[in-house]
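Q: how would this look folded up:
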Amino acid sequence: MIVTAGSIWLALQVAPLQTVSAAGQTAQVGAAAPDFSLSGPGELDLFGQVVPTKPQFTGPIRPLLKLTHITIDDQVARLLRSDSPRTLELDLSQQLAQGWTRYFEWETLIAAGFAVVALVAVAGVRRQPYRKMAKTVVAGLAVVIAVNVGGVLLTASSTPGVLRSVKTLDDLVGADPLTAPQQAAARPLPGVQAVVIGDSTAAAIGNPPLGHPTPLDRACRRSSESYAADLAMVNNWTVLNLACSGATVQNGLLGAQVLGSGQVAPPQLAEAARATHAKVIIVSVGADDVQWSIMTKLCVASTVCNDKVSGAFFAKLTGDFTRSYYELLGDLSALPGSPAVLINRYYSPFGPDLSCLAKYGITAAKEKVLAARLNQLNTVLAQGAQTFGFGVTGPQFTGHELCTADPYVQGPDDPAPLHPTAEGELAIALGDQQALPKVEGLVPSPSPTPTLSAGQE
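A: I've put the predicted structure just below:
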């Protein structure tokens, strides 16, 4: 009994977690530390943060799942766009269940190994002859395997079925979406030709505010010099600018966004759907998802920027953003009316001359690291757009970076450092104008109309 209990306990401690991968999500499956309760949640380790699972499992031995990687490759993207997304769901649920089974196969072999060592030691202490020692080992091994397998079947037999019911890893912890206050059904906006959704770059923070801003305009820091306003003016369009400073894909575009003023901005994509006759939606998002501003400040404050800790952190943020971004692209492709979609990549604020930034701690080596990370973000933006058949463009700031005579970027002492100036917003509008697809019906309005912001419809 002692050998059996000890072998099984040790095996549960050292048995390797089994890696499974499906739907762009890689996880490791194993068993959490047993407790004395007859049922309860398992454990889900989200990049070091351990949270209980939403599903309940019967028995004292319950699953431990570690989320180790999130990515979206071309195969997954094609499946997301296909008519049978159920394939991904089935693949993930089957992989989790199979990983659990493989884990206990390894655990049983390891328990048997520990038992053999212990039984041989016991037989040696008793000075048993080899034949009797062999009988002791075989009999003890049979007991250990029988108890281990029987215990798993008795205490965790329902676990594979629960895991097979999991469609995505989100199902394991449940969703806690940020929701805006309950409002009356919003009326459609059939007169809008174009919609802009995104973050502070699209809101044009640091530039002059709107002439008659709503409380939400002020909270989102929307400007009258945004590229949405430039596009509206040059094309005589009505452009609905929903961009908000600090917006991410999940908290801003797909979900509501809590602002510093205590206001809640409704999901931008849901608001964009009100523009029932819009022919194009322009998207600027990603910098806040990968915490670009914070990463830049850390880089400035650090001796070097390419340390392993910040590099791993940025890679994790980029993986999270990739998953959310492809979810956004899928929702954009499903919008009624099938408007054209244009994805804006980010500009580089730094040029070859960094002399004006030396006192702030920016060196050529640090600029190289920041530029490489910005390129990673822009690569994700471009690959996603191409996968879904959307347009992608980027503004030309060459010769107008920081430390040039006519910068398109706000400097460290300006209201919104590293964000576009009014001229930079115009450069973004020019890049969008050149990239806009020739969509039938996307024509100038009969008379000039102002840009609309949320709340000014």
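Q: from here on, just use CA atoms for contacts and neighbour counts.
A: OK.
Q: remind me what whichever strand or helix holds residue 370 packs against, helices and strands.
A: Per DSSP states H and E: residue 370 is located in helix 364-387. Packing contacts for helix 364-387, counted by 3 or more Cα pairs under 8 Å, 6 or more residues apart in numbering; DSSP states H and E, involve helix 74-81, helix 292-301, helix 308-333, strand 340-344, strand 391-393.
Q: between that helix and helix 292-301, how many degrees?
A: Between helix 364-387 and helix 292-301, the angle comes out at 160 degrees (axes from the mean of the first three to the mean of the last three Cα atoms, to 10 degrees).
Q: ok, and what's touching helix 364-387?
A: 74, 77-78, 286-287, 296, 299-300, 304-306, 318, 322, 325-326, 329, 342-346, 348, 350, 354, 391-392 (Cα atoms under 8 Å, 6 or more residues apart in numbering).
Q: that one: which residues count as buried?
A: By neighbour count on 16 or more other Cα atoms under 10 Å, the buried set for helix 364-387 is 366-367, 369-371, 373-375, 377-378, 380-382, 384-385.
Q: what mean pLDDT does it get?
A: Helix 364-387 carries an average pLDDT of 93.
Q: could you do stretch 425-436 as well?
A: Confidence over stretch 425-436 (mean pLDDT, whole number) is 93.
Q: same question, stretch 245-255
A: Here the average pLDDT along stretch 245-255 is 94.
Q: cool, stretch 13-22 as well?
A: Mean predicted confidence for stretch 13-22 is 78.
Q: where does pLDDT dip in the stretch 151-300 of the chain?
A: Within the stretch 151-300 of the chain, the stretches with pLDDT under 70 are 154-157, 166-186, 261.
Q: which stretches of it form helices?
A: Along the stretch 151-300 of the chain, counting by DSSP state H, counting those that start in this stretch, helices occupy 159-164, 170-173, 200-203, 215-220, 227-235, 268-272, 292-301.
Q: most remote residue from the chain's center?
A: Ranked by distance from the centre of the chain (Cα atoms, centre = their mean), the top residue is residue 129, with 62.7 Å.
Q: ok, back up a step: among the helices of the stretch 151-300 of the chain, which comes closest to residue 29?
A: Across the helices of the stretch 151-300 of the chain, residue 29 has its closest neighbour in helix 159-164 (10.6 Å, Cα to Cα).
Q: the closest one: how far from the chain's middle?
A: 26 Å (Cα atoms, centre = their mean, to the nearest Å).
Q: try stretch 412-426
A: On Cα atoms, centre = their mean, the centre of stretch 412-426 falls 27 Å from that of its chain.
Q: mind listing what's buried in it?
A: 416-426.
Q: columns mean neighbour count and distance to residue 407 on top of the helices of the stretch 151-300 of the chain, output as a markdown table?
A: Shown next, in a markdown table, are the helices of the stretch 151-300 of the chain (neighbours: other Cα atoms under 10 Å; distance: least, Cα to Cα, whole Å):
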| stretch | mean neighbour count | distance to residue 407 |
| --- | --- | --- |
| helix 159-164 | 19 | 55 |
| helix 170-173 | 16 | 44 |
| helix 200-203 | 28 | 16 |
| helix 215-220 | 20 | 24 |
| helix 227-235 | 23 | 17 |
| helix 268-272 | 22 | 30 |
| helix 292-301 | 15 | 19 |
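Q: rebuild the ones you listed as TSV, extending it with distance to residue 113.
A: Output for the helices of the stretch 151-300 of the chain, formatted as TSV (distance: least, Cα to Cα, whole Å):
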stretch	distance to residue 113
helix 159-164	25
helix 170-173	33
helix 200-203	59
helix 215-220	62
helix 227-235	68
helix 268-272	57
helix 292-301	48
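Q: closest one to residue 5 among these?
A: Comparing the helices of the stretch 151-300 of the chain by Cα to Cα, helix 159-164 comes nearest, at 22.0 Å.
Q: and the closest one, what does it pack onto?
A: Against helix 159-164 (3+ Cα pairs under 8 Å, 6+ apart) you get strand 49-58, helix 86-125.
Q: tell me which of these is the most buried.
A: helix 86-125 (a mean of 19; mean count of other Cα atoms under 10 Å).
Q: save the helices and strands packed on helix 159-164 as JSON lines, and put in mean pLDDT and distance to residue 274 too.
A: Shown next, in JSON lines, are the helices and strands packed on helix 159-164 (pLDDT from 0 to 100; distance: least, Cα to Cα, whole Å):
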{"stretch": "strand 49-58", "mean pLDDT": "75", "distance to residue 274": "34"}
{"stretch": "helix 86-125", "mean pLDDT": "76", "distance to residue 274": "29"}
